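Trainee: next come a sequence and a model predicted from it.
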Amino acid sequence: MTRVLPMPVREDGLPDRVTIYEVGPRDGLQNEKAIVPLDVKAEFIRRLLASGLPIVEATSFVHPRWVPQLADAADLVSDLDLDGPAPLPVLVPNERGLDRAIEAGCRHIAVFASATETFAARNLNTTVEEQFAMFEPVVRRALDHGIDVRAYVSMCFGDPWEGAVPVEQVVAVGSRLLDLGASELSLGDTIGVGTAGHVGALVAAFGEAGVGVDRLAMHFHDTYGQALANAYAALRHGITTFDASAGGLGGCPYAESATGNLATEDLIWMLDGLGIEHGVDLDAVVATSAWMAERLGRPSPSAVVRALT
């Protein structure tokens, strides 16, 4: 049978190119109950880089008691080329995490905030207001060391304990993180309840607050099958950076209703069909996700991976 590829059809108003921010090695693997061997994690990252992905988030310097899967963060980073052309960011939860990242030679970090009180308490052991006092020295010290800082905001579209999250609440949290010095803000639909109209309203609200689309990224989960629709809506509103996870791996250890991330392959297929450049070899990512699925002992949740393997 002949393999049918998407026919590129450009649409007015869409960006010419987007950046895919690969989160599979960190967000994709953090919720795996069986520990993935260090050499498998390192090979996973190298394969993703070889596919042309411009950014691959490698791991998190979180306390091993919180996320046992990432207890090998320092050893993993030491096995990677931090001076290569593609950034390899690491997540840091606090100043101790930053100390470990600096010691490891990391040049890019991310901090992870909450838009809601309940998730802040469960994930960060703090309040929404107190989290800024925790992040301020992390961001300041990182910038003093010449380290770029990205900020995540979780629960931007809905919270399993609090319900719908007001748009203005998300804008207030996100704007303060940018004011601290973060270069980019990733807006997370942690439990996958967002819809296309909600995406547009959130982007517009940030614009009204003076935050341009060049400072924003989108991080969608596919719990209700809306991740691609939401990504398309974000494209229509000028977003050019999307978080995605190879093979659709992922979840959140602090929110049981958070299922897999937007699959990198599914995003690429849509972008190819829209004629939007991204610089990533789809076949290479598919092969990598199939390889990782074998090691995890289950099929990939990505529709494109299933179709092409």
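Mentor: Happy to help now that I have it.

Trainee: identify the residues contacting Leu14.
Mentor: Leu235, Arg236, Leu274, Ile276 (C-beta atoms under 8 Å, 6 or more residues apart in numbering). Every C-beta, even on glycine, is put in place using the N, C-alpha and C of the backbone.

Trainee: nope, His278 is what I was after
Mentor: Contact analysis of His278 by C-beta under 8 Å, 6+ apart lists Arg17, Val18, Thr19, Ile20, Ile268, Leu271.

Trainee: repeat that for Ala151.
Mentor: Applying C-beta under 8 Å, 6+ apart, the residues contacting Ala151 are 110-113, 135, 174, 177-178, 180, 182, 184-186.

Trainee: and if we set it to 10 Å?
Mentor: With contact taken as C-beta atoms under 10 Å, 6 or more residues apart in numbering, Ala151 is in contact with 109-113, 135, 139, 173-174, 176-178, 180-187, 215, 217.

Trainee: just the buried residues from these, in PyMOL please.
Mentor: PyMOL command restricting those to the buried ones, with burial defined by 16 or more other C-beta atoms under 10 Å:
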select buried, resi 109+110+111+112+113+135+139+173+174+176+177+178+180+181+182+184+185+186+187+215+217
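
Trainee: and the contacts of Leu14, which two are the farthest apart?
Mentor: Arg236 and Ile276 (11.8 Å; C-beta to C-beta).

Trainee: between those two, who's got more neighbours?
Mentor: The neighbour comparison of Arg236 against Ile276 (other C-beta atoms under 10 Å) goes to Ile276, with 19 against 16.

Trainee: just the element for Leu49, please.
Mentor: In this assignment (DSSP states H and E), Leu49 forms part of helix 38-50.

Trainee: following that helix in sequence, what is the next regular element?
Mentor: strand 55-56.

Trainee: partner strands of the next helix or strand after that following strand, parallel or antiparallel?
Mentor: Counting by DSSP H and E, the next helix or strand C-terminal to strand 55-56 is strand 59-60. Using DSSP bridges, strand 59-60 pairs in its sheet with strand 90-91 (parallel).

Trainee: I figured Cys106 hits Ser60, correct?
Mentor: No - the criterion here is C-beta atoms under 10 Å, and Cys106 misses it with Ser60 at 11.1 Å.

Trainee: intersection of neighbour lists for the two?
Mentor: By C-beta under 10 Å, 6+ apart, Cys106 and Ser60 have these common neighbours: Ala73, Pro89, Val90, Val92.

Trainee: neighbours of the last one, how many?
Mentor: What that stands for is Val92. Using other C-beta under 10 Å, Val92 is surrounded by 27 other residues.

Trainee: follow-up on the earlier one: inside strands: which ones of the contacts of Ala151?
Mentor: The strands, defined by DSSP state E, take in Ile109, Ala110, Val111, Phe112, Ala113, Glu184, Leu185, Ser186, Leu187, Ala217 from the contacts of Ala151.

Trainee: Leu82: which of those residues is nearest?
Mentor: Closest approach to Leu82 among the ones in strands among the contacts of Ala151 (C-beta to C-beta): Ile109, at 11.9 Å.

Trainee: chain center to the longest helix along the chain: distance?
Mentor: Longest helix of the chain, by residue count under DSSP state H: helix 128-144. Between the centre of helix 128-144 and the centre of its chain there are 20 Å (C-alpha atoms, centre = their mean, to the nearest Å).

Trainee: now the angle from that helix to strand 108-114?
Mentor: Helix 128-144 and strand 108-114 are oriented at 170 degrees to each other (axes from the mean of the first three to the mean of the last three C-alpha atoms, to 10 degrees).

Trainee: beyond helix 128-144, next helix or strand please.
Mentor: Assignment by DSSP H and E places the next element after helix 128-144 at strand 148-154.

Trainee: render the CA-only coordinates of that next one in CSV, please.
Mentor: Coordinates of each C-alpha in strand 148-154 appear next as CSV, following Å, rounded to 0.1, in the frame of the first residue of the first chain:
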residue,chain,number,x,y,z
ASP,A,148,17.5,31.2,30.8
VAL,A,149,14.2,30.6,32.8
ARG,A,150,10.9,29.4,31.4
ALA,A,151,7.8,29.4,33.6
TYR,A,152,4.9,26.9,33.5
VAL,A,153,1.5,27.7,34.9
SER,A,154,-0.6,24.6,35.6
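
Trainee: what about the spatially closest residue to Ala164 that is not a sequence neighbour, how many residues nearby?
Mentor: In this structure, Ala164 finds its nearest non-sequential neighbour in Gly158, 5.6 Å apart by C-beta to C-beta, 6 or more residues apart in numbering. Gly158 is flanked by 20 other residues according to other C-beta under 10 Å.

Trainee: I appreciate the help and will end here.
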